[in-house]
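Peer 1: With the input below, show me the fold.
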Amino acid sequence: MAAHPDLQAEQAYVDHAYECVEGARRRVLGLRTMRAYGTGGTHQARYESDVVEETIRARLSQLEFGDVALVFGRIDPEDTDERFYIGRIAVADDHQEPVVVDWRAPIAEPFYRATGRNPLGLARRRHFATRGRRILDIEDEIFVGGEGTEALDGVVGRGALIAALERGRTGRLGDIVATIQTEQDEIIRSPLGGVLVVQGGPGTGKTVVALHRAAYLLYTHRFPLEGQGVLVVGPNRLYLRYIDRVLPSLGEAGVEQALLADLVPERIGDRRGSATAERVKGELRMIDVLVKAVRDRERSLRQDLVVGFGVLNLRCSVEASERIVRAARRRARTHNAGRRFVEQGLWEELAESSRTELDPDVVAERLRTHEDVRIALERMWPVLTPADLLRDLLSSKALLRLASGNRLTEEEQAALLIERGERVDDGRWSISDVPLLDEARQLLGPRPRSRDEDEVRTYGHIVVDEAQDLTLMQLRMLARRSLGGSMTVVGDIAQATGPWAPPSWNDVLDHLPSRKPPRVQELSIGYRTPASIMTLANKVLAVAAPELTPPRAVREGEDEPQMVAVEATELATRVAALADSERALVGEGNVAVIVPDSLIAPMAEAMRAAGVEFGEAARLGIDAQVNLVPVRLVKGLELDSVIVVEPGRIVSEEPQGLRALYVALTRATRRLAVVHAEPLPPALL
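Peer 2: Numbering: from 1, shown residues only. So this is what the prediction gives:
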């Protein structure tokens, strides 16, 4: 095939753009000569020096984008000789003339939005297929007075897109800034305010769309978002490791990426509770249980308090203590804030009991550290941390029964009970405990002199991926962290595999901020998974979520899925051999062996025995060429070849078994094999 006639000229332009980036980097480094070095000088001088250094580092991080392409196309407006090259960041030459336009700038929008029927003033759109700094091919779309036709299947820059999709995968998610499609761009550039829900089936690019949206919003609304902060919440550590390079590659390294567990100061372990415990801890009934648990710690004395004060005996009766507690409940917004009202009420009651003009402040000064007084205050109104409250509640049958009332059954109470530990922060809390700790923090409020530690951090915009798996209590926790109600919520109802599987996004939106009307937008085109594999996966979807429409695959695929039946005694060895052969077939790509939890250990042992080099995704991510991945962690990942082991067991072991199987079947970009010794689920027959 003959090379495009403009290839050499365009390559020269791209080379010039890279030279301009290097020049910008040298100029930024030159700013360091302006800094006041050393620890001397005035406080103002040191502060200004630190500000300059922070600015230098931020700009250098924008100019460091590794081996990804800087420029990925150009647009030629009608009736003008101007050309705008669209790229990862804005680049100017030594005379500050623009060389590359940032993909987020308004002028770049037609690069992603123009169609044959609506060319948006373009005469031509040009896409570059690149590898690093080198242009491999050029694809032109010519628009003639709005009389052109729509792109095939609604796909823009099809050649560059397919080339990107067919590259081998690594252990990290890549950006799609060079091949953003029209329906994706509409979501990325959607207005800031309110809650935006992005519904997208497997491989529609919803995760990268959400991350690109975060980068776009920071560019467009730098003030105030840079000060308020942008938070990206993911479902597990493997996911965070997988996406950690996307935003830095887009020039935005300051976005906080976290799990729900990272949003509370308590130590959270990896253990999983019973299915009943995880379900109950996610339900809104737990709010009333926690409210009652806090109220149960606000009590009158069991017997009168009598304290010596010189020749006097000061007294607080049980009845008086009950009045003090009732008054504190009326006055305090949170539990810990009420402690000072209880203390003040106690000092006043003790002073009044002397029948003299005794000053309550004098009583407080003299008796604050008295053992009997301290015991009385802890009885009436203890200062509590969330861990204190939850540990005491869940490790005491009596307290849990008292707080539960008729809200929880005896079976549910038994499922929630834990053994009482010696330490509060011993890491025994599970992921399902996180929203309970957070709810308790809201009810208790800051402790005296611990306000900063106990305050909840809020953000100007929050991006939540795999939101369909969040419980109602987790949604409530995220809503609490939204400063103005601006959120991007991403997921797929068909892939809901958590204890609570919402029937629709309306059920999710009911528990998120509602200051502005929410918007729901859908991604309809599947880019990752070829049609040959989606045909099989859609059989499972038809049973798991028959009301949902699967995405339309943009590629047909070269290889049909393999269904491999084996004897039970041969299962592990056959899977190990298949993983080894798949590694050779995908070249530089990667392979995932997806298994239910019960098969992780035997499969790892078999692969070691067979001499197959592999990585354990739960510990090391998916950086290896062959990876052993528990099915509960596979959501959001994409791999060249996937081997799904014992689908029947996946269905029986996971809370939403058929949906978990659907997720596993839709991870592959090229090849899929299903290996089983046990009977297949009826949906796969």
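Peer 1: what about residue 323, which helix or strand?
Peer 2: Assigned by DSSP states H and E, residue 323 belongs to helix 318-331.
Peer 1: helix or strand right after that helix?
Peer 2: helix 339-353.
Peer 1: list the helices and strands that following helix packs on?
Peer 2: On a contact count with 3 or more C-beta pairs under 8 Å, 6 or more residues apart in numbering; DSSP states H and E, helix 339-353 meets strand 305-309, strand 312-316, helix 318-331, helix 360-367, helix 371-380. Glycine gets a C-beta too; all of them are placed from N, C-alpha and C.
Peer 1: For residue 45, find the nearest of the ones you listed.
Peer 2: Of all the helices and strands packed on helix 339-353, it is helix 360-367 that lies closest to residue 45, at 45.5 Å by C-beta to C-beta.
Peer 1: Could you check the angle the closest one makes with strand 312-316?
Peer 2: 100 degrees (axes from the mean of the first three to the mean of the last three C-alpha atoms, to 10 degrees).
Peer 1: Quickly find the element holding the closest residue to residue 189 other than its chain neighbours.
Peer 2: Among residues not flanking residue 189 along the chain, residue 216 sits closest, at 6.2 Å (C-beta to C-beta, 6 or more residues apart in numbering). Following DSSP H and E, one finds residue 216 within helix 206-220.
Peer 1: Name the surrounding residues that touch that helix.
Peer 2: Outside of helix 206-220, the residues within contact range by C-beta atoms under 8 Å, 6 or more residues apart in numbering are 102, 104-105, 173-177, 180, 184, 187-190, 192, 198-200, 225-226, 230, 232, 243, 246-247, 250-252, 254-255, 461, 463, 465, 488, 490-492, 523, 636.
Peer 1: And for stretch 105-123?
Peer 2: 73, 75-79, 84, 86, 90, 101-103, 125, 141-144, 146-151, 156, 180-182, 184-186, 189, 219.
Peer 1: Pull out the buried members of those residues.
Peer 2: Applying 16 or more other C-beta atoms under 10 Å to the contacts of stretch 105-123, the neighbour count classes 73, 75-77, 84, 86, 90, 101-103, 125, 141, 143, 148, 151, 156, 180-182, 184-185, 189, 219 as buried.
Peer 1: one step back: list buried residues within the contacts of helix 206-220.
Peer 2: Buried among those by 16+ other C-beta under 10 Å: 102, 104, 173-177, 180, 184, 187-190, 192, 198-200, 225, 230, 232, 243, 246-247, 250-252, 255, 461, 463, 465, 488, 490-492, 523, 636.
Peer 1: C-terminal to the helix or strand that contains residue 522, what's the next element?
Peer 2: According to DSSP H and E, residue 522 maps onto strand 519-523. Past strand 519-523, further along toward the C-terminus, the next helix or strand under DSSP H and E is strand 525-526.
Peer 1: Toward the C-terminus, what is the element adjacent to the helix or strand of the chain with the lowest mean pLDDT?
Peer 2: In the chain, the helix or strand scored least confidently by mean pLDDT, DSSP states H and E is helix 451-454, which has a mean of 69. Using DSSP H and E, the helix or strand that directly follows helix 451-454 along the chain is strand 461-464.
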